[in-house]
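K.L.:
Pasted the sequence and its predicted model underneath.
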Amino acid sequence: MNLVVFAAVWLVLAAVSLPLALLLLVLAPILWLLALPFRLAALVVEAIFAFVRAVLFLPARLLGERARPGT
């Protein structure tokens, strides 16, 4: 779906300003590569929070505590 949105935005930009659209075509992969470390960091932080949550709720799970339907 993101590719479809990118293509539609690029076509509109190409109709308005072709040099700017070509620049976007060149810079998009570079920006994607620059964003990869931040996505990896977000994945690691999310995994750490999931691990801490699992450790904190472990005693309740061992004692048989179940979530109430209304909460």
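P.N.:
Arrived safely.
K.L.:
Tally up the residues packed near Ala35, please.
P.N.:
10 (other C-beta atoms under 10 Å). Just so you know, the C-beta spots here come from the backbone N, C-alpha and C atoms, and that holds for glycine as well.
K.L.:
SS state for it?
P.N.:
Classification of Ala35 by DSSP: H, G, I helix; E, B strand; the rest coil places it in helix.
K.L.:
ok, it to Pro29 distance?
P.N.:
Distance from Ala35 to Pro29, counting by C-beta to C-beta, to the nearest Å: 11 Å.
K.L.:
next one: Leu11
P.N.:
18 Å.
K.L.:
how about the helices of the protein, start to end?
P.N.:
Under the criterion DSSP state H, the chain carries helices at the ranges 2-16, 18-62.
K.L.:
would CSV of the ones you listed with mean pLDDT be doable?
P.N.:
CSV is the format used below for these (pLDDT from 0 to 100):
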stretch, mean pLDDT
helix 2-16, 90
helix 18-62, 93
